[in-house]
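**Q** Sequence plus the predicted model coming up.
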Amino acid sequence: MEKQYKSKKDDESTETVKSNAGKVNNSAAFSKKQLLNSEKYAGYKDLLSAVLSEGVMYTFDETDKFIEGFLKKEVD
């Protein structure tokens, strides 16, 4: 049976990742391409592709507002 050893550095890296997991900086901005490739917005790729502009950076809050506004819009 083979044992796997982790260095102290590996443990520290893992600990850092675990402590930061789930914490999202809502003020961070992302490009249209980054948002389209994210897992978070996988179900909204077509929508975001249509409403977001190239060369503009968007926060998660702004992106969520675009989606929310579009989904609440009345159909003509």
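**A** Arrived safely. Residues are numbered from 1 along each chain as shown.
**Q** residue boundaries of the helices in this structure?
**A** Per DSSP state H, the chain carries helices over the ranges 8-20, 32-36, 45-51, 60-72.
**Q** Go through the last one and flag the buried ones.
**A** Taking 16 or more other Cβ atoms under 10 Å as the basis for neighbour counts, the residues of helix 60-72 that come out buried are 60, 62, 63, 66, 67. (Each C-beta comes from the backbone N, C-alpha and C, glycine too.)
**Q** Convert the C-alpha atoms of it to CSV, please.
**A** Coordinates of each C-alpha in helix 60-72 appear next as CSV, following Å, rounded to 0.1, in the frame of the first residue of the first chain:
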residue,chain,number,x,y,z
PHE,A,60,-21.4,40.0,-10.6
ASP,A,61,-24.0,42.4,-9.2
GLU,A,62,-24.2,44.3,-12.6
THR,A,63,-24.4,41.0,-14.5
ASP,A,64,-27.2,39.7,-12.2
LYS,A,65,-29.1,43.0,-12.7
PHE,A,66,-28.9,42.6,-16.5
ILE,A,67,-30.3,39.1,-16.2
GLU,A,68,-33.0,40.1,-13.7
GLY,A,69,-34.1,43.0,-15.8
PHE,A,70,-34.3,40.9,-19.0
LEU,A,71,-36.3,38.2,-17.3
LYS,A,72,-38.8,40.6,-15.8
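**Q** that older thread, can you tell me which of the buried residues of helix 60-72 is nearest residue 75?
**A** The nearest member of these to residue 75, counting by Cβ to Cβ, is residue 67 at 16.4 Å.
**Q** Pull up the gap between the closest one and residue 50, please.
**A** Applying Cβ to Cβ, to the nearest Å, the value for residue 67 to residue 50 is 11 Å.
**Q** re earlier: okay if I get the buried residues of helix 60-72 as TSV plus distance to residue 29 and pLDDT?
**A** Formatted as TSV, the buried residues of helix 60-72 follow (distance: Cβ to Cβ, whole Å; pLDDT from 0 to 100):
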residue	distance to residue 29	pLDDT
60	9	96
62	8	95
63	10	96
66	14	92
67	16	94
